[in-house]
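# have a look at this fold, sequence not included:
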């Protein structure tokens, strides 16, 4: 099937490919069947489609037991797809058929080097150059880049290092005693966070990390140790499912007990006041809550009222409890809606109980660059977190800090970059949803094609009974990630919408 065809508004039937032979006969391969319809020794399109379908069947059979046993099913699925693509290339299958018949929607962060869209007068292929990722002389979307922003970022790095030496007395090339990062970058991030969301913070209570995942890991380690020592018992970490389940592994490695809070379709897969009250009543050691404001995998976001209700349950209970508010996808949706959500977190009680986990990976497609940070108001928590940061980081790389300081300077000056990326996410979300709807009209594989709150870079859909992520890939070539990778049912599946361009 072709999920790379034109924009969603363009009529046209998807190429659904060809199913494997129903008589169980072997699919032709270049070695066993060198003849073709045109008689020149090259497989016809029909033979290539049949061969690719057989490849999908074979890799699914190979990987199903591995997938079931894995602690990282997302990466297993991605490896399976990569193997199928590699085998198809070795067999001489045309790149066009591979792209149509083996479609990787497992890990969906945007690769700016493959952006090709030019829609409604906007050229999105320039995003990589506007971010300074594209190198001078690199060919992008049919043009040779001058690398102007790349050069500018390098110049800014040198200026920033001189400023740190002259104005702050901060030498990036010696040991960072507290391991929390240079003061100028922390000032810039604190100011940016406060300007964007209206939440008061400062550099002294801003902690740099190598991405949001690193920030979550350090926070879980810090609070697991501190609160166990303070209250005498190992603490419990509450995880609303479906959610980003890597943090569960982090919690268990930190010796923290795990509590799974399974949300429902009726609540939009979001934690409710009643659930939070019950969880607190069930476990007196519950002291950490993972709270994704805009959710991976569901692409649903909490409303201001829903946020307030969760915090009301915590406030009524009265115990010391830290909320790890994951904001990785805040800024990928409607700006006014995101601001309203953050207003609900800007109350004296919420500020005293929340660690705001931030990332530049998703909002600015800087996944490989890995920059995150934690903002918080609770001064007592900040004190013991400094020791934890020092003991787990012992200093952050100088060049890495300089690059991100340059990035943040540039993003403050050029807000149109974020707006352009957000618009690209919106287009790709809508396009893919329409394609799934068209596919389902022919194949009847889905019980529900997921809606969302126009946030994140995912689609969360519900398969028909008897189908799962592997059977879907075998039949259609579309790879997603089963809901059980997120602590939920395998009848659900998450697709990433960010990676594959709209042709």
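Looks like it came in fine. Nothing here was measured: the structure is a model prediction, and the numbers come from that model. Residues are numbered from 1 along each chain as shown.

# might one say that residue 92 is in contact with residue 47?
No - if you go by Cβ atoms under 8 Å, residue 92 and residue 47 don't touch, sitting 10.8 Å apart. Heads up, the C-betas are built off the backbone N, CA and C, glycines and all.

# more crowded one of these two?
residue 47 (20 against 12; other Cβ atoms under 10 Å).

# average model confidence for the helix or strand where that one lies?
Per DSSP states H and E, residue 47 falls inside helix 45-69. Across helix 45-69, pLDDT averages out at 94.

# roughly how far is it from the heart of the chain?
How far helix 45-69 lies from its chain's middle: 26 Å, per Cα atoms, centre = their mean, to the nearest Å.

# just give me how far the very next helix or strand once past it sits from the chain centre.
Counting by DSSP H and E, the element after helix 45-69 in chain order, helix or strand, is helix 73-90. On the basis of Cα atoms, centre = their mean, helix 73-90 sits 20 Å off its chain's mean C-alpha point.

# helix 45-69 and helix 73-90, what's the angle between them?
Going by axes from the mean of the first three to the mean of the last three Cα atoms, to 10 degrees, helix 73-90 is angled at 150 degrees with respect to helix 45-69.

# for helix 73-90, the averaged confidence score.
91.

# just to check, residue 178 is in contact with residue 389?
Yes - between residue 178 and residue 389 there is a contact at 6.7 Å, judged by Cβ under 8 Å.

# of those two, who's got more company?
A count of neighbours by other Cβ under 10 Å puts residue 389 above the other of residue 178 and residue 389, at 25 against 13.

# wait, isn't the more buried one in contact with residue 219?
No - counting by Cβ under 8 Å, residue 389 sits too far from residue 219 to count as a contact (10.0 Å).

# between these two, which contacts overlap?
Among the neighbours of residue 389, none is also in contact with residue 219 (Cβ atoms under 8 Å, 6 or more residues apart in numbering).

# need the helices for the stretch 51-200 of the chain, in chain order.
According to DSSP state H, counting those that start in this stretch, the stretch 51-200 of the chain carries its helices in the segments 73-90, 95-101, 127-130, 148-163, 183-197.

# make CSV from the ones you listed and add mean neighbour count to it.
Listed next are these as CSV, based on neighbours: other Cβ atoms under 10 Å:
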stretch, mean neighbour count
helix 73-90, 19
helix 95-101, 18
helix 127-130, 21
helix 148-163, 16
helix 183-197, 19
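
# out of the ones you listed, nearest to residue 362?
Shortest distance between residue 362 and the helices of the stretch 51-200 of the chain, using Cβ to Cβ, is found for helix 127-130: 13.7 Å.

# tell me what the closest one is packed against?
Here helix 127-130 touches helix 148-163, helix 416-443, going by 3 or more Cβ pairs under 8 Å, 6 or more residues apart in numbering; DSSP states H and E.

# remind me which residues of this structure are low pLDDT?
Low-confidence segments of the chain (pLDDT under 70): 1-41.

# mind running it again at 90?
Along the chain, the parts satisfying pLDDT under 90 run over 1-43, 67-76, 78, 106-109, 175-180, 367-368, 370, 386-396, 450-454, 498-503.

# any idea what the residue lying closest to residue 469 once chain neighbours are set aside is bridged to?
Excluding the flanking residues, the one nearest residue 469 by Cβ to Cβ, 6 or more residues apart in numbering is residue 482, at 4.1 Å. Note on residue 482: beta-bridge partners by DSSP bridges are residue 493.

# count of neighbours near residue 482?
With other Cβ under 10 Å as criterion, residue 482 counts 24.

# closest one to residue 370 among the helices and strands packed on helix 127-130?
Proximity to residue 370 (Cβ to Cβ) singles out helix 148-163 among those, at 16.1 Å.

# quick one: list the elements packing against that closest one.
helix 127-130, helix 398-413.

# and for residue 448, the neighbour number?
Residue 448: 14 neighbours (other Cβ under 10 Å).

# now do the same contact list for it.
By Cβ under 8 Å, 6+ apart, the neighbours of residue 448 are 461-462.

# quick one: closest of the helices and strands packed on helix 148-163 to residue 438.
Taking these one by one with Cβ to Cβ, helix 127-130 is closest: 27.4 Å.

# list the contacts of that closest one.
So helix 127-130 is contacted by 110, 112-113, 115, 134, 140, 145, 147-150, 365, 414, 417, 420-421, 424 (Cβ under 8 Å, 6+ apart).

# the helix or strand harbouring residue 315 packs against which elements?
Residue 315 belongs to helix 304-317 when assigned by DSSP H and E. When contacts are defined as 3+ Cβ pairs under 8 Å, 6+ apart, helix 304-317 sits against helix 273-282, strand 286-292, helix 335-344, helix 348-353.

# so which bits of the last one are buried?
Along helix 348-353, the positions that meet the burial threshold by neighbour count (16 or more other Cβ atoms under 10 Å) are 350-353.

# could you tell me the angle between the next helix or strand after that helix and helix 304-317?
Note on helix 348-353: by DSSP H and E, the next helix or strand toward the C-terminus is strand 354-359. For strand 354-359 against helix 304-317, the angle by the same axes, to 10 degrees is 140 degrees.

# same for strand 354-359, what does it pack against?
Secondary elements touching strand 354-359 (3+ Cβ pairs under 8 Å, 6+ apart): helix 183-197, helix 212-231, strand 322-326, strand 372-376.

# each with direction, which strands does it pair with?
strand 322-326 (parallel), strand 372-376 (antiparallel).

# contacts for it, please.
Strand 354-359 is touched from outside by 189, 193, 199, 201, 211-212, 215-216, 219, 322-328, 345, 371-377, 381, with contacts defined as Cβ under 8 Å, 6+ apart.

# and that strand with helix 183-197, angle?
Using the same axes, to 10 degrees: strand 354-359 against helix 183-197 is 110 degrees.

# the inter-axis angle of strand 354-359 versus helix 335-344?
150 degrees.

# show me what counts as buried in strand 354-359.
354-359.

# from those residues, which is closest to residue 162?
residue 358 (27.1 Å).

# circling back to that earlier point, tell me which of the helices and strands packed on strand 354-359 sits nearest to residue 82.
The minimum distance between residue 82 and those falls on helix 212-231, with 22.0 Å, by Cβ to Cβ.
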